[in-house]
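Undergrad: Build me a model from this:
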Amino acid sequence: VDGIRQLTPGLSVSGNGDAAEAILTTDTISKEAAVRFTLGKSVVTIGGMAKGSGMIAPNMATMLAFITTDVLIKPSLLQKALTLANAHSFNRLTVDGDMSTNDMVLLLANGLAKNETFGESSEEFQLFCAALEYVLIKLAKMIARDGEGATKLVEIFVKGARTEAEAVKTAKSVANSNLVKTAIHGCDAIWGRIMAAVGYSGIDFNPDLVEIRFNDLPILN
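TA: Residues are numbered from 1 along each chain as shown. Next up is the predicted model:
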């Protein structure tokens, strides 16, 4: 505690900047994102920084993220919002399909915005969740773009799945396929590799109904 008191006056005037750089390992760039929006009658902020560029799978695996906000929110709602946002961002991220020994996403709220408190079913909570998810997805994409040896950032969209869980399972199977990665790296639209990855993902599907598009370009109809 005494050490923290001594360190506080020397905190960097750059805000996140110095800390975001200090946590890097094999990263080539710092990763920061923030949003400011109106919550009720108060202007609030969510900001964060992350590190990671390799061994990012299956759920985070070798990355760290530190998110802060001045929103006044109940701890239980803060945890729920983080769990939801993390599921749609860092837990859907893959670089090389490998993993290491540690990962963490930390969300801290100090309540300094002094906004009115809100409940789980409120519009304010939905807005907070959306803003938090936006920040986490921005950071997740930065990690993927800065992947060790990466030359492309690829986003996979699955439509028409029976459940969200099956859609995620399918997308991860395609994303982790080394053959799909080499095809994309070589700018070669070998759609059979994508179909094969969907096939061994474990979901039940009809290949005759599958359509594949690269951006708006139909590859398989």
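Undergrad: Wait, Lys172 touches Thr94, no?
TA: Yes - the pair Lys172 / Thr94 is scored as a contact, 6.7 Å apart, by Cβ atoms under 8 Å. Where C-beta positions appear, they are placed from N, C-alpha and C, glycine not excepted.
Undergrad: ok but Thr68 is inside a helix, no?
TA: No - counting by DSSP: H, G, I helix; E, B strand; the rest coil, Thr68 falls outside a helix, being strand.
Undergrad: In three-state terms, label Val13 for me.
TA: At Val13, secondary structure determined by three-state DSSP is coil.
Undergrad: Surely Glu120 touches Leu77?
TA: Yes - the pair Glu120 and Leu77 qualifies as a contact (Cβ under 8 Å) at a distance of 6.0 Å.
Undergrad: Find the residues that touch each one of the two.
TA: With contacts defined as Cβ atoms under 8 Å, 6 or more residues apart in numbering, no residue is shared by Glu120 and Leu77.
Undergrad: who's more crowded, these two?
TA: Leu77 (20 against 12; other Cβ atoms under 10 Å).
Undergrad: Wasn't Thr117 part of a helix?
TA: No - counting by three-state DSSP, one finds Thr117 to be coil, located in no helix.
Undergrad: residues contacting it?
TA: Contacts of Thr117 by Cβ under 8 Å, 6+ apart are Leu72, Ile73, Lys74.
Undergrad: and what of Leu132?
TA: Contacts of Leu132 by Cβ under 8 Å, 6+ apart are Ile46, Ile67, Thr69, Ala81, Leu82, Ala85, Leu107.
Undergrad: so of those residues, which ones are in helices?
TA: Ala81, Leu82, Ala85 (DSSP state H).
Undergrad: so where is this structure shaky, pLDDT-wise?
TA: The model of the chain has pLDDT under 70 over residues 12, 14.
Undergrad: contacting residues for the residue most central in space within it?
TA: Geometric centre of the chain, nearest residue: Ser89, 2.7 Å, by Cα atoms, centre = their mean. Counting by Cβ under 8 Å, 6+ apart, Ser89 makes contact with Glu133, Leu136, Ile137, Leu139, Ala140.
Undergrad: name the element the closest residue to it other than its chain neighbours belongs to?
TA: The shortest distance from Ser89 to any non-neighbouring residue, by Cβ to Cβ, 6 or more residues apart in numbering, is to Leu136 (3.7 Å). Secondary-structure assignment from DSSP states H and E places Leu136 in helix 123-145.
Undergrad: Contacts made by the next helix or strand after that helix with the rest, please.
TA: Beyond helix 123-145 on the C-terminal side, the first helix or strand identified by DSSP H and E is helix 164-175. Here helix 164-175 makes contact (Cβ under 8 Å, 6+ apart) with 58, 92, 94, 154, 156-159, 161, 180, 194, 197-198, 200-203.
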